[in-house]
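# give me a model of this one.
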Amino acid sequence: MSEPAEPVRLAAADLGAGPLGGRATLVQFSSAFCQPCRATRRILADVAAMVDGVAHLEIDAEARLDLTRRLGISRTPTVLVLDAGGRVVRRAAGQPRRADVIAALGAAISG
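Below is the predicted model of the structure:
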């Protein structure tokens with residue numbers, strides 16, 4: 001997972017999804033026929049369930065083209081890791097490894 005070039009801050013209203021996590025949020029951009037998106041959903045949900053205060057939000061990239069374009073999402077799955085304030089601290093395209101998600105989450109929480 002890499003750090004974004006310039007800081008971006010997102011709120012729950014920007015995402016049009018449930019509330020952000022109190023400590024961090026894993027935001028997944030997916031599409032309907034994306035096989036790696038299903039595996040990514042399971043990984044992120046499992047990691048979010050392991051850590052108190054972490055939420056996992058999934059966004060349909062096709063349904064939210066405005067947000068997808070604004071954030072420069074060019075493929076699915078793309079995962080954004082937000083800190084408690086909604087700042088994007090890590091970003092990765094493609095199916096992530098569980099260990100990489102946990103490491104990125106640790107960086108977001110320890111800030």
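# for this structure, just list every one of the helices.
Secondary structure of the chain, counting by DSSP state H: helices at 12-15, 35-50, 65-70, 98-110.
# just the pLDDT for the most centrally placed residue in the chain.
The centroid of the chain falls nearest to Val27 when counting by CA atoms, centre = their mean (2.3 Å). Listed pLDDT for Val27 reads 97.
# before we move on, back to that, make TSV from the helices of the chain and add mean neighbour count and distance to Arg91 to it.
For every residue, glycine as well, the C-beta is placed using N, CA and C. Output for the helices of the chain, formatted as TSV (neighbours: other CB atoms under 10 Å; distance: least, CB to CB, whole Å):
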stretch	mean neighbour count	distance to Arg91
helix 12-15	14	15
helix 35-50	16	13
helix 65-70	13	13
helix 98-110	16	9
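# now those in TSV, with distance to Val89?
Listed next are those as TSV, based on distance: least, CB to CB, whole Å:
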stretch	distance to Val89
helix 12-15	16
helix 35-50	15
helix 65-70	18
helix 98-110	5
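# JSON lines for these, including distance to Gly86 and mean pLDDT?
As requested, these are exported to JSON lines (distance: least, CB to CB, whole Å; pLDDT from 0 to 100):
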{"stretch": "helix 12-15", "distance to Gly86": "8", "mean pLDDT": "89"}
{"stretch": "helix 35-50", "distance to Gly86": "16", "mean pLDDT": "96"}
{"stretch": "helix 65-70", "distance to Gly86": "13", "mean pLDDT": "94"}
{"stretch": "helix 98-110", "distance to Gly86": "11", "mean pLDDT": "91"}
